[in-house]
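Engineer: Have a look at this prediction, sequence included:
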Amino acid sequence: MRDNMPSNLNQNRVRQSFRRGLASYHQHASAQADIAARLVQLLHDHRAPDRFENVLEFGCGTGHLTRPLLQRLKIQHLTLNDLVAEAAPGLGALTKDRSDHTHFTFGPIETVPLPKELDLIASTSTVQWISDIPALMARLSSRLSPGGWLAVSGFGTGQFHQLRSLGSSAAAPSYVDSADWPDLLPRDVELVHVSQAATDMLFDSAMDLLRHLRQTGVNAQADQHWSRGRLRAFEDNYRSQFGRSGGLPLTYDPVWMIARKRG
């Protein structure tokens, strides 16, 4: 786990950043969409059932994971959770044909009331915002039925390493590498799969890179004030240390984890 974890995650700032990025997130968060599709494929690869009675997805956002879940699985009842209620209207197109079988709940997944006897809990690109992942995994496991599935993707310590090297605070509190996941799970959960695969996005300028962060809301912890001189110095340093092929690379470091409740 990242060893320079911020001591106090500003949840109000995270909420504000997510709300601000909702309108542009779905269009620009192509990396997160690919990560979500990969998570559902891994469930299939590990012979998860294609039919579930009671499913929870937390951190649903604009539906990057909701869509492949509904396309590839038969789900009787689906509970969708996100930190901000403003996510609900954007999910309407995905759930309009199953409104009687879909329930929305909003608030921090660490404390919001959750259904019981779930047979699948899934989430993508969210757990990096959770300060105490072992406590959350224990809470989620307590809501799983025996044999239930837990499918989660987060990000490893290589996530946005260029920004951290340059002193940016654009980091979530819990970047977890694949090797760390076995120690984060409660004893009543069996690890089925964990993998990690970093990839770089390339931007023409620092302005383009920062715009991407803002449009996807992933800079919730970042200082938002940029003067012209500060931006120029940031780009010069970035190019000097990490520039490649005339552009600025930004590393995404996704980690996929699948586990099952013992029973």
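Structural biologist: Looks like it arrived, so ask away.

Engineer: now residue 34: how far from residue 233?
Structural biologist: Counting by CB to CB, to the nearest Å, the gap from residue 34 to residue 233 is 33 Å. C-beta: built from backbone N, CA, C; applies to glycine.

Engineer: Same check on residue 259?
Structural biologist: Applying CB to CB to residue 259 and residue 233 gives a distance of 45 Å.

Engineer: higher neighbour count, those two?
Structural biologist: It is residue 259, of residue 259 and residue 233, that has more neighbours when counted by other CB atoms under 10 Å, with 26 against 13.

Engineer: what's that one in contact with, if anything?
Structural biologist: For residue 259, the contacting residues are 149, 150, 185, 189, 190, 191, 192, by CB atoms under 8 Å, 6 or more residues apart in numbering.

Engineer: Name the SS class of the second one, please.
Structural biologist: The reference is to residue 150. The local conformation at residue 150, judged by DSSP: H, G, I helix; E, B strand; the rest coil, is strand.

Engineer: who does it bridge with?
Structural biologist: Each beta-bridge partner of residue 150 is listed here, defined by DSSP bridges: residue 121, residue 259.

Engineer: And it, what's its pLDDT?
Structural biologist: As predicted, residue 150 sits at a pLDDT of 98.

Engineer: can you count the residues close to it?
Structural biologist: Residue 150 - counted by other CB under 10 Å - has 25 other residues nearby.

Engineer: Would you mind measuring from it to residue 60?
Structural biologist: 16 Å.

Engineer: same check, this time on the first one
Structural biologist: With distances defined as CB to CB, the gap from residue 149 to residue 60 amounts to 17 Å.

Engineer: Neighbour count: these two, which is higher?
Structural biologist: residue 60 (28 against 22).

Engineer: surely residue 209 meets residue 200?
Structural biologist: No: under the criterion of CB atoms under 8 Å, residue 209 makes no contact with residue 200, lying 11.5 Å away.

Engineer: what is in contact with those two at once?
Structural biologist: Common neighbours of residue 209 and residue 200 (CB under 8 Å, 6+ apart) are residue 250.
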